[in-house]
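Undergrad: build me a model:
(one chain, ligands or ions: 1)
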Amino acid sequence: MNAASGEQMIKVENLSKKYKENSKLALDDVSFELQKGEFAALLGPNGAGKTTLINVISGVVVRDSGNVSIAGYNIDQNRVEMKTAIGIVPQEIAVDNFFTVREILNLQSGYYGMRNNSDYIAYIAERLSLADKMNSVVRSLSGGMKRRLLIAKALLHKPKILILDEPTAGVDINLRHDLYRFVKEMNGEGMTILLTTHYLEEAEELCSRILLIDEGRLIADKPKKEFLKMAGDFLIVKLSVNFDMSKIIDSSMIRENKGINKILEVPKNKIPELISSLNQIKEKIDDLNISSPGVEELFVRLTEKGGRN
Ligand code: ADP
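TA: Numbers count the residues shown, from 1 in each chain. Modelled structure (predicted):
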């Protein structure tokens with residue numbers, strides 16, 4: 001899984017974009033490269049520029065400056081080749097309700113000039129567990145089935161790169177795990193994948209690379225393991241206690257002190273001190289969990305305004 005081959009699939013150089021209606025840059029000098037077989041997560045708070053970046057890469061939104069090449073094709077000079085190299089799974093479910101699944105998939109194949117694509121359509125439908133819905137009209141499908149259909153649509157022309165914009169938003173946990181398995185398999189077969197997600201554990205579970213964008217700027221771009229090391233030498237302590245933690249520990253270590261559920265960020269060398277402080281209130285503690293920081297904790301640290309980094 002995640003075997004990057006050194007063949008460049010996405011290259012973005014110094015990309016900037018400002019929407020007319022907006023005074024600040026939606027993308028501010030963004031550069032990165034993805035190699036064949038990489039599985040990258042594009043993370044960032046709302047309004048950070050993720051959709052704009054994906055839309056510029058896929059040729060839907062026009063950039064102000066910078067360069068994009070996809071599978072070696074320049075976005076300006078080789079639009080057809082570039083579009084053929086990418087499959088996009090959009091966030092919005094926008095498929096024609098009155099067609100059947102088979103009709104939608106046939107139309108999509110035709111759009112890419114692929115006639116006689118029925119074997120591949122059947123293969124993709126089977127892998128996405130859509131096979132028994134082929135004759136159903138789209139409006140009768142559940143939300144989860146519609147999402148599978150969107151993914152199938154994106155794959156029919158056998159793209160080298162799959163871009164997924166929040167594929168599991170609002171999707172139940174079973175389907176989410178089904179989709180994880182499927183995209184992992186596609187990645188294992190060599191497909192390069194760029195995924196935006198609000199579920200940070202999704203990025204942690206699936207991806208080999210983390211791109212973090214905030215206010216239009218790429219503020220981290222690292223292999224996941226290195227990204228997690230950026231956490232440095234601290235641990236996350238979560239505890240349920242009805243007590244004002246600032247009374248017994250240094251406030252610089254407190255991230256959440258409201259309500260009963262507290263979150264602390266504690267340097268490893270301060271853990272013994274923390275434990276003796278907690279000893280003073282041990283009768284009040286209902287739950288205690290100490291763990292290494294994950295993508296979620298780093299996301300908060302790196303994107304919080306006026307943060308400690
Ligand atoms: P994200 O996908 O990370 O939530 P977006 O790319 O949608 O972020 O937005 C980045 C910035 O660009 C935000 O400030 C947003 O308000 C602005 N923006 C996005 N789309 C448009 C648009 N069509 N017109 C004007 N401003 C936009």
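
Undergrad: going by C-alpha atoms from here, please, whenever you check contacts or count neighbours.
TA: Will do.

Undergrad: just give me the neighbour total for the closest residue to residue 214 other than its chain neighbours.
TA: Excluding the flanking residues, the one nearest residue 214 by C-alpha to C-alpha, 6 or more residues apart in numbering is residue 48, at 4.6 Å. Per other C-alpha atoms under 10 Å, the neighbour tally for residue 48 reads 21.

Undergrad: over to residue 266?
TA: When neighbours are counted by other C-alpha under 10 Å, residue 266 comes out with 22.

Undergrad: centre of the chain to the helix or strand where residue 201 lies, how far?
TA: Per DSSP states H and E: residue 201 is located in helix 200-206. Counting by C-alpha atoms, centre = their mean, to the nearest Å, helix 200-206 is centred 8 Å from the centre of its parent chain.

Undergrad: how about the helices in the stretch 201-309 of the chain?
TA: Here the stretch 201-309 of the chain has its helices, by DSSP state H, counting those that start in this stretch, at 224-229, 271-280, 295-303.

Undergrad: circling back: these two touch, right, the residue nearest to residue 214 and residue 212?
TA: No: judged on C-alpha atoms under 8 Å, residue 48 makes no contact with residue 212 at a distance of 9.2 Å.

Undergrad: need the pLDDT of residue 243.
TA: pLDDT for residue 243: 92.

Undergrad: distance of the nearest residue in space to residue 66 that is not next to it in sequence relative to residue 192?
TA: Spatial nearest neighbour of residue 66, chain neighbours left out: residue 15 (4.2 Å); criterion: C-alpha to C-alpha, 6+ apart. The gap separating residue 15 from residue 192 is 21 Å, by C-alpha to C-alpha, to the nearest Å.

Undergrad: ok, which residues in this structure are in contact with the ligand?
TA: Within the chain, the positions near the ligand by C-alpha under 6 Å from any ligand atom are 19, 21-22, 26, 44-52.

Undergrad: helices - which of these land there?
TA: In this view, the residues of the chain next to the ligand that belong to helices under DSSP state H are 50, 51, 52.

Undergrad: just give the closest residue to the second one, not the sequence neighbours.
TA: With sequence-adjacent residues excluded and distances taken as C-alpha to C-alpha, 6+ apart, residue 51 is closest to residue 165, at 7.5 Å.
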